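**Q** structure for this input, please:
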Amino acid sequence: MSLTDRQEGLLVAVALTAFSVHYEIADPELDEQAWQLAANRLVEYDTGPAEAVDTLEIGER
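**A** Okay, here's the model as predicted:
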């Protein structure tokens, strides 16, 4: 499956969010940077978290 630029950007946002959650306690500064990068991606594509999940078809089979 070939991803569009938008899908790829949203997938990066999801990955950065997951990274942020896993490093929240271990490295709060790194957590904040990952969270901000994820938020920037969502703003760039004018997309909220729920729409990103729908666009990427996460959890659907």
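**Q** can you give me the strands for the chain?
**A** Along the chain, counting by DSSP state E, no stretch forms strands.
**Q** just the helices in it please.
**A** In the chain, the helices defined using DSSP state H lie at 5-22, 28-44, 49-56.
**Q** for the nearest residue to residue 39 once chain neighbours are set aside, which residues are in contact?
**A** The shortest distance from residue 39 to any non-neighbouring residue, by CB to CB, 6 or more residues apart in numbering, is to residue 13 (7.9 Å). Yep, even glycine has a C-beta here, placed from its N, CA and C like the rest. Applying CB atoms under 8 Å, 6 or more residues apart in numbering to residue 13 gives the contacts 37, 38, 39, 41, 42, 52.
**Q** okay, the third one and residue 2: tell me how far apart.
**A** For residue 39, the distance to residue 2 equals 26 Å [CB to CB, to the nearest Å].
**Q** between those two, which one's more packed in?
**A** Neighbour count, other CB atoms under 10 Å: between residue 39 and residue 2, residue 39 has more, with 15 against 5.
**Q** residue 9 is in contact with residue 44, isn't it?
**A** Yes: applying CB atoms under 8 Å, one finds residue 9 in contact with residue 44, separated by 6.5 Å.
**Q** neighbour-wise, which of the two wins?
**A** Neighbours per residue (other CB under 10 Å) separate residue 9 from residue 44, with residue 9 holding more: 18 against 12.
**Q** OK, contacts around the more buried one?
**A** If you count contacts by CB under 8 Å, 6+ apart, then residue 9 has 41, 44, 45 around it.
**Q** pick out the residue nearest the middle of the chain.
**A** Nearest to the geometric centre of the chain sits residue 13, at 1.9 Å (CA atoms, centre = their mean).
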